[in-house]
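Novice: sequence plus the predicted model coming up.
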Amino acid sequence: MTSDSALFFRAAAQADVDAVVALVESAYRGDSGRRGWTTESDLLDGRRTDAELVSELLMSPDSAVLLAFVDGVLRACCHVERHDDSAYFGMFAVDPSYQGSGLGKQLLAEAERMARETWHCRAMHMTVIDLRSELIAWYERRGYHRTGQYKPFPYGDERFGIPRREDLRFELLIKDFSGVTS
């Protein structure tokens, strides 16, 4: 992304479902995902998401899939969902050719702004596979902290992928918005 690139964000609509699925799959699975640093290809096989799940997210109340366009082309997305006074952040994907450009950082900041300003959330939380130390460090540099709270990986549920290892689990990361100004 260059300094003169046109960046804009918008909420996804049903017409965007196939493009969102393609973007998420390209960022996390297979050979295309290996071009970026967020790939899960060494940990998981199978799909990362599908059209049915993305459609459900779009229809769910207090839920939004945010899209980031660079020069009119979809390059990143994320899912944000309100849970009382906090928001959940997930399905974060950046086109592998744009990883490292700052686009992911900008989309995360937009998701946080929306959670604070639109939903009046006090915090953002997410779960990350705890073996993804480089990704966790990236979130820590953006104000998230590790909680030491873990959830088991849903082995046997192929909606989350087909594990290539027996030691997968999720760790809860949280960013407290108190003291953050909009």
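Specialist: Everything's here; your move. Residues are numbered from 1 along each chain as shown.

Novice: and the spatially most central residue of the chain, what pLDDT?
Specialist: Closest residue to the average C-alpha location of the chain: residue 92 at 1.6 Å, with C-alpha atoms, centre = their mean. Here, the pLDDT recorded for residue 92 equals 94.

Novice: go on, the one 10 residues further on?
Specialist: Residue 102 is assigned a pLDDT of 93 by the prediction.

Novice: okay, now it: neighbour count?
Specialist: Residue 102 has 12 neighbours, counted by other C-beta atoms under 10 Å. Just so you know, the C-beta spots here come from the backbone N, C-alpha and C atoms, and that holds for glycine as well.

Novice: could you do residue 176 as well?
Specialist: Residue neighbour count, defined by other C-beta under 10 Å, stands at 14 for residue 176.

Novice: got a list of what it touches?
Specialist: Going by C-beta atoms under 8 Å, 6 or more residues apart in numbering, residue 176 touches 122, 123.

Novice: any idea what it is bridged to?
Specialist: Using DSSP bridges, the beta-bridge partners of residue 176 come out as residue 123.

Novice: show me where this protein has its strands.
Specialist: 7-11, 44-45, 63-70, 73-83, 86-94, 123-129, 145-152, 162-163, 169-176 (DSSP state E).

Novice: for residue 18, find the nearest of the ones you listed.
Specialist: Closest to residue 18 of those, according to C-beta to C-beta: strand 73-83, at 10.7 Å.

Novice: what's the angle from the helix ranked longest in the chain to strand 73-83?
Specialist: As assigned by DSSP state H, the longest helix anywhere in the chain is helix 103-117. Computed by axes from the mean of the first three to the mean of the last three C-alpha atoms, to 10 degrees, the angle separating helix 103-117 from strand 73-83 equals 30 degrees.

Novice: what's the burial count for residue 17?
Specialist: Close neighbours of residue 17, defined as other C-beta under 10 Å, add up to 20.

Novice: so what's it up against?
Specialist: Residues in contact with residue 17, defined by C-beta under 8 Å, 6+ apart, are 51, 54, 55, 58.

Novice: what's the answer for residue 114, then?
Specialist: Counted by C-beta under 8 Å, 6+ apart, residue 114 has contacts 64, 66, 80.

Novice: what about 6 Å?
Specialist: If you count contacts by C-beta atoms under 6 Å, 6 or more residues apart in numbering, residue 114 has none.

Novice: and for residue 91?
Specialist: residue 79.
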